[in-house]
Structures are given as C-alpha cells and as structure tokens.
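S.K.: Sequence and predicted structure, then a few things I'm wondering about:
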Amino acid sequence: MKYSIILTAALTGSFFIANAQQAKPEDTEIYTPVPPVVTPGKMLGDAPSDAIVLFDGKNLDQWVQNNDKSPAKWDVKDGILTVNKHYGNIETKKAFTNYQLHIEWREPTTLEGTGQARGNSGVFLASIGDGDAGYELQVLDSYNNKTYTNGMAGSIYKQAVPLANPARKNGEWQTYDVIWNAPTFNEDGTVKTKAHVTVIYNGVLVENNFELWGPTLYIGKPEYKKHGAAPIKLQAHGDKSEPLSFRNIWVREL
C-alpha cells in the first residue's frame with residue numbers, strides 16, 4: 001500500500017507537470033464579448049459619451065415634481081439648479097435600476113442653523129413614493145457641524161455612518177459619485193437581493209458596497225417592500241436654512 005501511494009502521487013504530479021508544459025497563453029485569453037467604447041468627459045466629472053445627462057445647467061426637462069408629476073419648478077439660473085422649498089421634492093422622469101451617478105452640490109455661505117437644520121437635503125437613490133419614500137444619501141453641511149453620524153453628509157440616512165468626513169466649506173462645490181445596485185424581489189414579494197451602494201464623496205470613499213436594511217425611515221426599523229425601477233429624487237427639506245444648489249448631474253445605466 002505504501003509503495004502504491006507513492007507511485008500514485010508521482011504519477012499524478014507528472015500528469016500536472018505535463019499538462020502545465022502543454023498549456024498555452026492563448027488558453028486563458030478572452031476576445032469576446034468586446035466591451036463597448038465609451039468616450040470619457042474632457043474634464044474629470046464631465047459626463048461620458050454613454051451617460052444620460054439629467055441636468056446640464058440649461059433646464060429641468062428630465063425632472064418632474066415628486067407629488068403630482070407636473071414639470072419641475074425649482075430655480076435654474078446661471079447653470080445652477082437651486083432648491084425651491086415651496087414646491088417640494090423633484091424626481092427624474094425616467095426610472096432606473098442599477099446605475100452610476102455623478103452629482104455636484106453646494107451649500108450657501110449664509111447658513112445659520114446647526115445640526116440637521118443646516119443645509120439639509122438628500123439624494124434619494126430610488127424614489128418609491130411621495131415625499132421622502134425611498135433610499136436616501138444624505139446631503140448636509142458637515143463642515144464643523146455636529147450632528148448624529150448616521151445623518152451627516154455621506155451617510156445612508158439613519159443606516160450607514162460614512163467612513164470619513166471629506167466635507168468642504170460652505171460655498172465650495174462638493175461631489176458625489178455613486179454606484180447603486182437596486183434590490184430585487186421574488187414573485188411573492190420577498191427579498192431576493194438587498195440594495196447595495198458605494199459612495200465616493202469629494203474623491204474619498206465613504207460607503208463601500210454597503211448593504212441597505214431597507215428604504216430610509218426617520219423613525220423605526222427599515223423594511224423592504226417589493227418595487228421595480230424607480231426615479232432618482234432630490235429633496236426639498238423643510239429646515240429653515242437657505243436652500244442649497246446642484247449642478248452637473250448625470251447617470252450611466254449598468
């Protein structure tokens with residue numbers, strides 16, 4: 001038996017050595033499918049050739065009011081989109097599932113509140129109803145502004161604390177680059193796969209493929225409910241601070 005094991009091992013080793021000697025580089029080379037050519041933007045942050053431009057500084061043709069789906073009524077001036085709190089949240093006409101999103105935002109220099117009352121807004125990565133129904137990436141002045149950490153800029157509101165705080169001063173433009181993977185559901189409404197999100201805030205990774213517990217809730221424990229593709233929503237928060245602004249918003253469907 002001892003000699004049989006040794007012989008088997010020797011033969012097996014010889015077999016793999018022989019196979020390795022017979023292998024060719026071409027055996028592990030892949031030629032199809034060929035990735036599509038995408039022309040990047042001229043400057044960092046510019047929309048690539050395959051992006052859907054949601055706001056280019058000219059109009060709100062890609063947006064509607066969240067509550068009644070009428071044309072969006074926020075203020076557009078000098079290439080900048082400013083929240084109009086009188087009219088409430090706006091959302092995209094188009095619904096999305098998985099995507100890459102780029103959005104830039106700026107807090108006014110005239111902020112006077114503190115905590116959650118200081119330049120509050122939000123990017124709802126999937127709007128699943130009126131008001132604040134959906135999954136919120138928080139927007140807030142987080143430069144020397146103390147609040148609960150799962151409610152600061154870069155957080156998935158009331159769920160994920162950001163890994164860092166790269167906030168810029170009021171009056172300076174800030175960026176979010178987001179990879180959103182929407183939840184999927186079985187036919188009976190149970191969760192098949194949960195939502196995941198990666199967020200890069202001003203060039204710094206702050207959410208690393210975070211698995212969401214469910215849609216955002218201000219009070220209580222999140223719970224998934226079956227839905228399909230959904231718009232992206234921007235929040236007109238009810239805090240008393242001056243409204244903030246957005247620009248250069250684009251999305252790539254994945």
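M.R.: Structure received.

S.K.: show me the contacts for the spatially closest residue to residue 96 that is not a sequence neighbour.
M.R.: Counting by Cβ to Cβ, 6 or more residues apart in numbering, residue 229 is the residue found nearest to residue 96 once chain neighbours are left out, at 5.9 Å. No exception for glycine: its C-beta is placed from N, CA and C like everyone else's. Residue 229 makes contact with 95-97, 182, according to Cβ atoms under 8 Å, 6 or more residues apart in numbering.

S.K.: Would you list the buried entries among those?
M.R.: 96, 182 (16 or more other Cβ atoms under 10 Å).

S.K.: Let me have the contacts of residue 229 in CSV, extended by secondary structure and distance to residue 34.
M.R.: Below are those laid out as CSV (DSSP: H, G, I helix; E, B strand; the rest coil; distance: Cβ to Cβ, whole Å):
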residue, secondary structure, distance to residue 34
95, coil, 29
96, strand, 25
97, coil, 24
182, coil, 27
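
S.K.: I'd like the contacts of residue 229 as TSV, with distance to residue 192 and pLDDT appended.
M.R.: Listed next are the contacts of residue 229 as TSV, based on distance: Cβ to Cβ, whole Å; pLDDT from 0 to 100:
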residue	distance to residue 192	pLDDT
95	19	98
96	18	98
97	13	98
182	11	98
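
S.K.: out of the contacts of residue 229, what pair is the most spread apart?
M.R.: Maximum pairwise distance among those (Cβ to Cβ): 10.1 Å, between 95 and 182.

S.K.: Overlap in contacts, those two.
M.R.: Overlap of the contact sets of residue 95 and residue 182 (by Cβ under 8 Å, 6+ apart) consists of 229-230.

S.K.: for stretch 26-39, how far is the first residue from the last?
M.R.: 29 Å (Cα to Cα, to the nearest Å).

S.K.: burial of the nearest residue to residue 139 once chain neighbours are set aside, as a residue count?
M.R.: Once flanking residues are discounted, residue 139 sits nearest to residue 121: 4.0 Å by Cβ to Cβ, 6+ apart. By the criterion of other Cβ atoms under 10 Å, residue 121 has 24 neighbours.

S.K.: Then residue 221?
M.R.: Residue 221 is flanked by 8 other residues according to other Cβ under 10 Å.

S.K.: what ranges of the stretch 1-150 of the chain fall below the confidence cut-off?
M.R.: Applying pLDDT under 70 to the stretch 1-150 of the chain flags residues 1-20.

S.K.: Right, I'll leave it there.
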